[in-house]
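Q: here are the coordinates; sequence isn't available:
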């Protein structure tokens with residue numbers, strides 16, 4: 001069975017369209033059912049800003065259609081949201097490449113941790129891209145990137161970004177809660193929070209390259225998940241100065 005919406009004979013003007021690549025500004029053509037396209041100019045992957053899976057909510061053939069999709073096609077909507085959040089984060093930070101690169105590094109570490117633990121991929125990755133989104137306002141209002149200001153100012157910014165992207169209310173609330181205290185874990189945290197916290201810690205350790213004794217103590221005492229601690233051991237092996245950690 002082929003979805004009627006994918007039958008190009010039924011398409012209308014505007015179902016094939018161009019946008020400007022958000023990374024380099026060159027024209028990029030999309031078909032309406034493309035999830036992403038790779039820009040030929042800068043080779044960056046760009047999410048389709050008009051893709052919508054809402055048809056499944058009312059289509060009589062939705063169940064059959066989804067059953068016939070490839071296995072990874074079932075997560076296409078989350079993949080699209082993830083790509084759009086990454087784009088929105090990059091657009092928000094603009095020329096602040098240091099903050100963009102850190103967010104991308106945290107998301108990369110989160111994806112690795114998600115391979116080995118039980119957590120909600122959409123929540124963790126959304127939080128990874130947006131966890132430091134309050135920094136810009138904190139520096140503008142308080143001339144400081146102190147965590148308390150990030151915790152205060154980040155959730156409203158993240159909530160607006162996610163609302164604009166059509167994220168569901170449950171995801172928006174949990175991501176906002178994580179961002180609102182992501183530097184300060186409490187005694188009872190969700191697995192989603194723990195994975196994000198460990199991914200951020202791994203990225204920070206990569207960026208800061210602390211002295212061996214301090215690195216050893218952090219790996220031993222600061223991670224919230226077993227997979228985070230194991231990945232730290234793998235990344236910072238004894239040849240790089242990490243002592244054996246029990």
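A: Received it, and whenever you're ready, just let me know what you need. Nothing here was measured: the structure is a model prediction, and the numbers come from that model.
Q: per the record, what domains does this protein have?
A: The record assigns the chain these domain ranges, following automatic domain parsing: 1-69, 70-240.
Q: comparing these, which gets the lowest mean pLDDT score?
A: Of all these, mean pLDDT reaches its minimum on domain 1-69 (a mean of 70).
Q: Contacts only, for the residue most central in space within the chain.
A: What sits nearest the mean C-alpha location of the chain, by Cα atoms, centre = their mean, is residue 125, with 3.3 Å. Residue 125 makes contacts with 82, 85, 107, 110-111, 114, as judged by Cβ atoms under 8 Å, 6 or more residues apart in numbering. C-beta: built from backbone N, CA, C; applies to glycine.
Q: so what's residue 162 up against?
A: With contact taken as Cβ under 8 Å, 6+ apart, residue 162 is in contact with 85, 126, 130, 171-172, 175-176.
Q: most surrounded residue in the residues you listed?
A: Within these, neighbour counts (other Cβ atoms under 10 Å) peak at residue 126, which reaches 34 neighbours.
Q: gap between it and residue 140?
A: The gap separating residue 126 from residue 140 is 24 Å, by Cβ to Cβ, to the nearest Å.
Q: Repeat that for residue 191.
A: On the measure of Cβ to Cβ, residue 191 and residue 140 end up 34 Å apart.
Q: And the two? Which one has more around it.
A: Comparing residue 191 with residue 140 by neighbour count (other Cβ under 10 Å), the higher total belongs to residue 191, at 15 against 9.
Q: Quickly compare the domains of the chain and say which is most buried.
A: Each of the domains of the chain was scored by mean neighbour count; the highest is domain 70-240, a mean of 18, by mean count of other Cβ atoms under 10 Å.
Q: Can you give the distance of that domain from its chain's centre?
A: On the basis of Cα atoms, centre = their mean, to the nearest Å, domain 70-240 sits 7 Å off its chain's mean C-alpha point.
Q: same deal with stretch 28-36?
A: Counting by Cα atoms, centre = their mean, stretch 28-36 is centred 21 Å from the centre of its parent chain.
Q: what's the closest of the contacts of residue 162 to residue 183?
A: Of all the contacts of residue 162, residue 183 sits closest to residue 130, with 14.1 Å by Cβ to Cβ.
Q: Ramachandran coordinates for that closest one?
A: phi -110, psi 0 (degrees, to the nearest 10).
Q: hang on, isn't it packed against residue 179?
A: Yes. Residue 130 sits in contact with residue 179 when judged by Cβ atoms under 8 Å, with a separation of 6.1 Å.
Q: Find residues that contact each of the two.
A: 154, 158.
Q: if we can go back for a sec, how about the residue nearest to the centre of the chain, nearest residue that isn't a chain neighbour?
A: residue 82 (5.1 Å; Cβ to Cβ, 6 or more residues apart in numbering).
Q: how long is stretch 206-218 end to end?
A: Its first and final residues considered, stretch 206-218 spans 13 Å by Cα to Cα, to the nearest Å.
Q: just checking, which of the contacts of residue 125 belong to helices?
A: 82, 85, 107, 110-111, 114 (DSSP state H).
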